[in-house]
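Enquirer: Just to be clear, the model below is a prediction. Sequence and coordinates:
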Amino acid sequence: MSPRLQFEGISKEFPAVRALSDVSFSVGAGEIHGLLGENGAGKSTLLRILSGVYRPTAGSVLIDGKPVTLNNPVAARAAGVAMIHQELQQVPRLSVAQNMFLGHPLTRGSIFVARREQERRAAEALAAIDPTIDPAAPLGSLKVAQRQIVEIGRALLDRARIVAMDEPTSSLTPSEFERLAEVIARLARDGVAVVYVSHKLDEVFGICQRATIMRDGVVVGSVDLAQVSEKAVVSMMVGRELAQEQHRSHASAEIRLSVRGLASPTKVHDVSFDLHRGEVLGIAGLVGSGRTELLRLLAGADRASSGAVEIDGKAVKLSSPRDAIAAGIGLVPEERKREGIVPLRSISNNMALASMGVFAPRGVIDHTRLKRVAAEKMKRVNLRPFLLDRPIRLFSGGNQQKAIIGRWLAAGTRILLFDEPTRGIDVGAKAEIYHLIEELAAEGHSVIVVSSELPEVIRLADRVLVMRDGTVAAELGRASLSEQAIAAHAIPQTEIEAGKAQGHRAGA
Amino acid sequence: SADLAPLNSDTEKDRIDWSQLEAKFGAFPKLPDGTKAGAVSKTLTNEYWRSLGEGYKSFGDRVAVPIVYQAAQSEGDQLGQLTIAEGLVTQGYNVLLVSPQTDSNLQPIIEQAKAANVPVVNVNDAVIPQAEHYVGNVQRDNGVRVAKWFIKNRPDGGKVAIVEGQAGVYAAVQRTDGFKTTITEAGKFDVVASVPGNWDRQTSYDAATNILQQHPDLIGFYANNDGMALGIVEAVKAAGLQDKVAVFGTDGISDAYASIRAGELTGTVDSFPVLTGEVALESALRLVAGQKLPRVVATPQALITKDNADRYSGAGDAVRKALLEDAAAGN
Amino acid sequence: MTDITQHTAARPRADFLHRFSVRDAGTLIGLVVILAVFGALVPGFFAERNLINILQQSSINACLALGMTLVIISGGIDLSVGPTAALSAVISASMLVAGVPFPLAIAAGFAIGLACGLLNGVLVAYVGLQPFIVTLGTLSTYRALALIYTGGNPVLGLPAGFRAIFNGSLFGLPLAVVIVAVVALIAWIILKKTPFGEYLLAVGGNEEAAYIAGVPIARTKIAAYMISGLLAALAAQILIGRLGAAEPILGNLWELDAIAAAAIGGASLMGGKGSVVGTILGAVILGSMRNGLTLMNVQSFYQLLATGLIILAAMLIDRVTRGRG
Amino acid sequence: MTDITQHTAARPRADFLHRFSVRDAGTLIGLVVILAVFGALVPGFFAERNLINILQQSSINACLALGMTLVIISGGIDLSVGPTAALSAVISASMLVAGVPFPLAIAAGFAIGLACGLLNGVLVAYVGLQPFIVTLGTLSTYRALALIYTGGNPVLGLPAGFRAIFNGSLFGLPLAVVIVAVVALIAWIILKKTPFGEYLLAVGGNEEAAYIAGVPIARTKIAAYMISGLLAALAAQILIGRLGAAEPILGNLWELDAIAAAAIGGASLMGGKGSVVGTILGAVILGSMRNGLTLMNVQSFYQLLATGLIILAAMLIDRVTRGRG
Ligand SMILES: Nc1ncnc2c1ncn2[C@@H]1O[C@H](COP(=O)(O)OP(=O)(O)OP(=O)(O)O)[C@@H](O)[C@H]1O
Ligand SMILES: Nc1ncnc2c1ncn2[C@@H]1O[C@H](COP(=O)(O)OP(=O)(O)OP(=O)(O)O)[C@@H](O)[C@H]1O
Ligand SMILES: [Mg+2]
Ligand SMILES: [Mg+2]
């Protein structure tokens, strides 16, 4: 019997970039197949070919042994392919259900959109993962995690023969992942072939049987996950051994940032804490607990309704990002595409945006200096490919993230706020970013890391604040740090009693 | 009324010269009490239409009839002008004087006013085909007069150029045609360019510059209005050809007079908007009083050059007197 | 920088339908304020006859603005509506004058409107040119064609029967008003109830997402321009019915009024957003303003001033009433 | 749907700087084609004198289009340039006629331009209204102010000394051309070499990201509108110097020409993208077209037709030469 899905000699060339060369592998019906690789390895490009968004330069896709022409997304859907895209592909002004049925709406008398029916079916599809999402709500009113769940729900609607998931859990919490895992298992039982892309190896090991590993656009190998260790897979991905690094603290006793009674008009209430020089402070909590909002207050992006902030003992007013930047605070935001990058501008220009004053001391930009600093900072964050004049939108997410970190390094920021710093970022780059954060701390920077990945928090943080409902529910020192402890404080008591949602994962 | 032939104000046979009004219809009649008149014209951004309004006002004051004078916001605002005119019908004026943007944009007014039993007088420029009453000059004649000047004063002939108003506008079409036909028939002249100036000074300046550069031996320009002519004058001066190229405009606005006196603009065809306004309101009120006027009342125009500028630019009554003399003399 | 902070970040996110109607309520309040002011200043402003006048005078702009709204929602703009209307008008009119049966002549006018829209749409959707510049180009082109076709002369003498079609009245309302009301209802249904309406919002809201979801981008955009062309042609028929003549220079500057109505009504020129109800209210705001200023006998320079200030005021009132958002 | 796939997704992505010059090269080819056509059809088109004429006649539009380009890059649009120029012109002119020293009168004109731009910018940046509708409102407002100030009359009799300033020539080029060339150079430096230029591109490219990165959004936008107002005022000074009179109706429809030049030159009305070199080329394309058509003595209807078709052709040539994207 021929496999459900087969890639045969797929190549894809973009001007100046060969994203895929001669990629071949297959996925059987009922198989959950992991697709692994570093940022820029070509995973998304391959899946975009599968879903008809790109056309391959060479090679073909076979479904159930027959070659299929996937010239556009409609053809791909007709061929039985459903896809969850890495970047959320949604229309904020349409409702959840309208987004899920976009392009193939249910109709009455083939004239009117059958709204009710769409909403009913949408609710059904969403129920498996998050029953609280209202299918009639405008998509724009949802949080990122919920929007990602909507994307998943959309793929489930199609009753496809092949479901491709490109980092479906990048914004999800462990408990949401568990429900997704059940859904995926059910799909597999029904004979669907699932291609699953994730940078979270534990997820891949948890649900996939086999995995294909890619590097720089070529297949390095396909493995049976029951037979190999995570370490072996990682070394296939990055082409070298990744040293297992231990947490090292560089915190001093000197208080750099002191926050007292900080509150926002909506989500944050009475938050107080200190941040020391050289310290990495983790902030954990459930989605919606107000972590992003807290960081935005500190970055001056939103205005606080009350509270006081001191830096090095001096009161500062943070009424705009400019104020915050002047005070030495910089935010690496959660939604890179929306809040981070200026897509048409180059890496250098994106990097220099926050420190124009430095690069243009006399009003005119010193481009030689800018180039030099860009080269230096980008080398430090290990940008790949190392093309400083290329528009940033053409880079993978991890490399965009590196450019934004570089932005704050260039601006001489002393307090760095990371919101989900490794969302959508591969193990190699993740290790690099962890390393970078530690180096920054060692140099005397103070860092706050908001993350939904508990292993990440534990790996990085000298101390952890757990937020719940907009306030600090607990402060945990390294000694008392564990996933259990964090979860216990993050989750409202009632839910714990119901025995739900335990962090389940092994360490990084 | 449907049996009325579409009006061509330039050729209509049922017409009378303004100077004949008193002779044929007697002194100004007594009006019903409380008579008030409403008027709408193209735009106040052009002095011509403001002067027309002054004429309305001065005659209104003279016979103690209040007159409301409105105008659209710009020359192209067709529906806005219709809205204004409809407002005037609704408000119960005894007579309407309208100077439409185009030949048809005020057509509904004719019908609405008829239903309300209000006479409508079409004053100058665009001509509503269904209009029962028209007061104004002969548009074509503007061009003809300038052409005649060239024929008389440049007996050797030569190259001439036309700068037209907005494409498709009645006055522009007629004036251009009058000039072109007359001067071509004379035989010795060559119309080397006839290009749009869009009633715009800058566009005309640029067009004239280009034409002069291509035809440095040009002997004259005719422009469809004075604003454009004044732009051309500047282009001619910039090209250093002011002694060789004659420039004519149309309308007789005060700036044109000033320029003629200064020896820059060669001439303009004045259609005496103030006087036109007076005549128009007089005719309209005679209609209100029940007199049966011919369909067209022709208003005066005259070619103004440096020689005669003073004769036509005095106070209202002096001009009236001069024009009555002209009329009596038959030109 | 206070405002910016608020503006870009802490934006309240209310319920979808709720939000939409809040936006329309803002426009409605704008209208009510303007009506109240004129009502207080102008005796007889609220007379039934005058209110009907306002509706009638707003109807042509409303008709165009509905098409414009759909185009704007799709992320485009149509500057060529006036010349499209002119071309459609002169062609219908010359057929009518030549004795062609009414339905055929009207159909020909509509076909011209659709064809003009099709060309705009193809240049935007398939060739990938910018809507503003495409329709700026066709603005001149279509106008020139109308002028060339007629030699610059108006087409006069439309048959009375034809004129009666558009000059009748129904339930005491001028037929033009009724027709535009029906068009508005259809546009509302299209936008709210049909897949095409969703496609418009999706294409204007996030073209890439729409493409990936399988929305026929090009066809959706082209259809929007064709509807705009069709409604321009309809406006042309209404107008020539009213005027009894068709001129090649008809429809000058119509695009600005139509865009203003759509924008006052809440359409975003960035695409993905717009409301049929809002657009109609916007057209009526502009219509009442013209009407009121005329009745007040405001001199034209001051009318122009008032036009500008009222457009700004309508946007401000709307902005204030619905908060920032 | 072949095209769409290409269009939204598989678009070739070349080097950025490279791309920019490719874009400008596309515009340049458009210009060369148009010049070649006119050169073949019109004897003397390539005469030095005529080429200087073309530059001179393009200079005013180029001046406005440069300001427009900056505004468009910031994600806005400025429809009010014509009335801004008119207001600035009549105020400078009446001061000059009243005997105020030239520098003072010119400075007053510039101040008016800046003030008009400031109002536009504040309404866009702080109040958060849509640029199109704000400047549509101020379009009427500024025009009305110019008309009211002058009573609708042109201001005549500008001192010869003043006119000499703008009518002189330098290195055989009309001073107006030299001035605009200098302005273009400054605009190019601003866009390529200053933080402000970077901010414009960032604000137009992704406002939210720019905000987080500390870009002063409101100030950047306001500055763009103020520059546009200032350049409109400069264009006004050049024009009244040339014509010797300032009319309140000066600058009618200037905005369309300026937008067309910017768009032909590669500015995207979605913001974040635009080129000074391209805009200048765009203005010269439009200028050569007007010049060539006049020299060919094309009848006015056909001139209008040619204008429309050439705008479309320029965009098409450009699109074809640089591939899609
Ligand atoms: N449209 C494009 N034009 C040019 N290059 C592209 C384009 N899309 C992707 N690339 C390049 O192709 C390569 C593969 O990218 P792809 O997005 O497939 O990687 P990925 O494995 O999905 O990475 P990530 O884990 O970050 O999502 C990268 O070098 C990327 O920069
Ligand atoms: N529809 C939306 N679109 C964009 N941003 C939104 C939307 N809804 C909420 N937000 C923003 O997302 C953030 C929500 O994050 P919040 O601080 O409440 O939770 P969190 O703990 O950071 O959760 P998460 O893990 O999702 O980041 C807020 O800054 C809020 O302004
Ligand atoms: Mg990817
Ligand atoms: Mg968050």
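Expert: That came through, no problem. Ligands and ions are numbered 1, 2, ... in the order given.
Enquirer: okay, now B:Gln159: neighbour count?
Expert: Quick fix: residue B:159 is Lys, not Gln. When neighbours are counted by other C-beta atoms under 10 Å in any protein chain shown, B:Lys159 registers 18. To be clear about C-beta, it is placed using only N, CA and C from the backbone, and glycine gets the same treatment.
Enquirer: Tell me which helix or strand it sits in.
Expert: Take DSSP states H and E as the rule and B:Lys159 turns out to sit in strand B:158-164.
Enquirer: Parallel or antiparallel, which strands does that strand pair with?
Expert: strand B:189-196 (parallel), strand B:218-223 (parallel) (DSSP bridges).
Enquirer: The helix or strand following the first one and chain C, are they touching?
Expert: Beyond strand B:189-196 in the direction of the C-terminus, DSSP H and E gives the next helix or strand as helix B:201-214. No: Helix B:201-214 does not reach chain C (C-beta under 8 Å from any C-beta of the partner chain); its nearest approach is 14.4 Å.
Enquirer: On the three-state scheme, the nearest residue to A:Glu310 once chain neighbours are set aside is what?
Expert: Nearest residue to A:Glu310, sequence neighbours excluded (C-beta to C-beta, 6 or more residues apart in numbering or on different chains): A:Ser258, at 4.3 Å. Assigned by DSSP: H, G, I helix; E, B strand; the rest coil, the conformation of A:Ser258 is strand.
Enquirer: Closest to the centroid, which residue in chain B?
Expert: What sits nearest the mean C-alpha location of chain B, by C-alpha atoms, centre = their mean, is B:Ser271, with 5.3 Å.
Enquirer: which residues does it contact?
Expert: If you count contacts by C-beta atoms under 8 Å, 6 or more residues apart in numbering or on different chains, B:Ser271 has them with B:48, B:124, B:136-137, B:142, B:250-252, B:299-301.
Enquirer: and if we set it to 10 Å?
Expert: For B:Ser271, the contacting residues are B:48, B:51-52, B:124-125, B:136-139, B:141-142, B:250-252, B:299-302, by C-beta atoms under 10 Å, 6 or more residues apart in numbering or on different chains.
Enquirer: And the pLDDT for it?
Expert: The predicted structure scores B:Ser271 at 89 on the pLDDT scale.
Enquirer: circling back: worst mean pLDDT among the strands paired with strand B:158-164?
Expert: strand B:189-196 (a mean of 92).
Enquirer: Tell me the buried residues in it?
Expert: B:189, B:191-196 (16 or more other C-beta atoms under 10 Å in any protein chain shown).
Enquirer: pLDDT value on the residue nearest to A:Glu310, please?
Expert: 96.
Enquirer: What spatial separation is found between it and A:Ser252?
Expert: The gap separating A:Ser258 from A:Ser252 is 14 Å, by C-beta to C-beta, to the nearest Å.
Enquirer: likewise C:Phe46?
Expert: Taking C-beta to C-beta, one finds C:Phe46 at 76 Å from A:Ser252.
Enquirer: Ok, C:Ala263 next?
Expert: 57 Å.
Enquirer: Who has more neighbours out of those two?
Expert: A direct count of neighbours by other C-beta under 10 Å for C:Ala263 and A:Ser252 places C:Ala263 higher, at 29 against 14.
Enquirer: Quick check: B:Trp149 touching B:Val247?
Expert: No: contact between B:Trp149 and B:Val247 fails when scored by C-beta atoms under 10 Å: they sit 11.5 Å apart.
Enquirer: What count of nearby residues applies to the residue of chain B found nearest ligand 4?
Expert: Nearest residue of chain B to ligand 4, counting by C-beta to the ion: B:Gln73, 52.5 Å away. Neighbours of B:Gln73 under the rule other C-beta under 10 Å: 26.
Enquirer: sorry, back to before: what's the angle between the strand holding B:Lys159 and helix B:201-214?
Expert: Between strand B:158-164 and helix B:201-214, the angle comes out at 160 degrees (axes from the mean of the first three to the mean of the last three C-alpha atoms, to 10 degrees).
Enquirer: Is the helix or strand just after strand B:158-164 positioned near chain C?
Expert: Next in sequence after strand B:158-164, counting helices and strands by DSSP H and E, comes helix B:170-185. Yes: against chain C, helix B:170-185 shows contacts by C-beta under 10 Å from any C-beta of the partner chain at B:170, B:172-173.
Enquirer: Where does C:Ala187 sit, in terms of helix or strand?
Expert: C:Ala187 belongs to helix C:175-193, assigned by DSSP H and E.
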